[in-house]
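1. Okay, structure incoming, though there's no sequence with it:
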(Lines give C-alpha, C1' and ligand atoms only; values in the text may rest on other atoms or scores of the structure.)
Protein backbone atom coordinates (compact mmCIF):
# COMPACT_ATOMS: atom_id res chain seq x y z
CA UNK A 1 0.00 0.00 0.00
CA UNK A 2 1.24 3.46 -0.92
CA UNK A 3 0.05 6.56 0.91
CA UNK A 4 0.07 9.96 -0.74
CA UNK A 5 -0.22 12.37 2.18
CA UNK A 6 -1.02 16.05 1.70
CA UNK A 7 -0.65 18.17 4.82
CA UNK A 8 -2.38 21.53 4.57
CA UNK A 9 -2.16 24.48 6.92
CA UNK A 10 -5.24 26.61 6.30
CA UNK A 11 -6.10 30.05 7.63
CA UNK A 12 -8.82 29.67 10.28
CA UNK A 13 -10.91 32.32 8.52
CA UNK A 14 -10.98 30.11 5.39
CA UNK A 15 -11.18 26.75 7.20
CA UNK A 16 -14.93 26.10 6.87
CA UNK A 17 -14.95 27.06 3.20
CA UNK A 18 -11.86 24.91 2.59
CA UNK A 19 -13.35 21.85 4.30
CA UNK A 20 -16.57 22.16 2.32
CA UNK A 21 -14.72 22.66 -0.97
CA UNK A 22 -12.41 19.73 -0.25
CA UNK A 23 -15.31 17.36 0.51
CA UNK A 24 -17.61 18.49 -2.32
CA UNK A 25 -15.16 19.35 -5.10
CA UNK A 26 -11.45 18.67 -4.72
CA UNK A 27 -11.37 15.20 -3.15
CA UNK A 28 -14.11 13.83 -5.47
CA UNK A 29 -12.06 15.04 -8.48
CA UNK A 30 -8.95 13.29 -7.15
CA UNK A 31 -10.84 10.07 -6.45
CA UNK A 32 -12.46 10.21 -9.91
CA UNK A 33 -9.01 9.84 -11.51
CA UNK A 34 -9.15 6.16 -10.49
CA UNK A 35 -5.62 6.08 -9.08
CA UNK A 36 -6.65 5.84 -5.43
CA UNK A 37 -8.64 3.19 -3.55
CA UNK A 38 -9.61 5.29 -0.53
CA UNK A 39 -8.93 8.53 1.30
CA UNK A 40 -9.10 9.91 4.82
CA UNK A 41 -8.96 13.41 6.26
CA UNK A 42 -7.51 14.06 9.71
CA UNK A 43 -7.21 17.28 11.68
CA UNK A 44 -3.75 17.66 13.16
CA UNK A 45 -4.20 18.01 16.92
CA UNK A 46 -0.59 18.77 17.81
CA UNK A 47 -0.64 21.93 15.70
CA UNK A 48 -0.45 24.98 17.97
CA UNK A 49 -1.13 28.07 15.92
CA UNK A 50 -3.89 30.55 16.70
CA UNK A 51 -4.26 31.65 13.07
CA UNK A 52 -4.20 28.36 11.16
CA UNK A 53 -5.47 24.80 11.40
CA UNK A 54 -3.65 21.84 9.88
CA UNK A 55 -5.08 18.78 8.14
CA UNK A 56 -3.62 15.57 6.79
CA UNK A 57 -5.43 14.44 3.65
CA UNK A 58 -4.44 10.85 2.89
CA UNK A 59 -4.97 9.07 -0.40
CA UNK A 60 -4.34 5.31 -0.60
CA UNK A 61 -3.20 3.37 -3.67
CA UNK A 62 -1.97 -0.15 -4.30
CA UNK A 63 0.69 1.02 -6.77
CA UNK A 64 3.49 3.57 -6.85
CA UNK A 65 3.13 3.61 -10.65
CA UNK A 66 -0.47 4.81 -10.29
CA UNK A 67 0.55 7.61 -7.96
CA UNK A 68 3.38 8.65 -10.26
CA UNK A 69 0.89 8.75 -13.15
CA UNK A 70 -1.47 10.85 -11.03
CA UNK A 71 1.33 13.22 -9.98
CA UNK A 72 2.50 13.69 -13.56
CA UNK A 73 -0.84 13.92 -15.39
CA UNK A 74 -3.48 15.12 -12.93
CA UNK A 75 -1.95 16.71 -9.83
CA UNK A 76 -0.62 19.91 -11.47
CA UNK A 77 -4.08 21.08 -12.61
CA UNK A 78 -5.76 20.09 -9.35
CA UNK A 79 -3.03 21.74 -7.27
CA UNK A 80 -3.41 24.88 -9.38
CA UNK A 81 -7.16 24.99 -8.61
CA UNK A 82 -6.34 24.73 -4.90
CA UNK A 83 -3.70 27.44 -5.14
CA UNK A 84 -6.00 29.84 -6.99
CA UNK A 85 -8.93 29.32 -4.64
CA UNK A 86 -6.97 29.62 -1.39
CA UNK A 87 -4.11 31.87 -2.43
CA UNK A 88 -2.20 33.30 0.56
CA UNK A 89 -4.46 31.33 2.95
CA UNK A 90 -2.66 27.99 2.99
CA UNK A 91 0.61 26.09 2.98
CA UNK A 92 0.98 22.56 1.59
CA UNK A 93 3.45 19.76 2.24
CA UNK A 94 3.25 16.48 0.28
CA UNK A 95 4.74 13.10 1.23
CA UNK A 96 4.77 9.63 -0.33
CA UNK A 97 4.90 6.71 2.12
CA UNK A 98 5.13 2.98 1.58
CA UNK A 99 3.55 0.50 3.98
CA UNK A 100 6.19 -1.92 5.28
CA UNK A 101 4.27 -4.17 7.69
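-> Arrived safely, thanks for sending. All of these numbers come straight from a predicted model, not from anything done at the bench.
2. Now stretch 27-36: buried residues?
-> Neighbour counts using 16 or more other C-beta atoms under 10 Å place 27, 30, 35-36 of stretch 27-36 among the buried residues. (C-beta placed from N, C-alpha, C; glycine too.)
3. would you list those residues in JSON lines and tack on pLDDT?
-> As requested, those are arranged in JSON lines below (pLDDT from 0 to 100):
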{"residue": "27", "pLDDT": "98"}
{"residue": "30", "pLDDT": "97"}
{"residue": "35", "pLDDT": "97"}
{"residue": "36", "pLDDT": "98"}
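4. quick check, nearest of the residues you listed to residue 21?
-> Checking the buried residues of stretch 27-36 against residue 21 by C-beta to C-beta gives residue 27 as the nearest, at 9.3 Å.
5. Which secondary structure element is home to residue 55?
-> Secondary structure assignment for residue 55, by DSSP states H and E: strand 52-61.
6. So in that sheet, which strands flank that strand, and in what orientation?
-> Each strand paired with strand 52-61, and its direction, by DSSP bridges: strand 2-11 (antiparallel), strand 38-43 (antiparallel).
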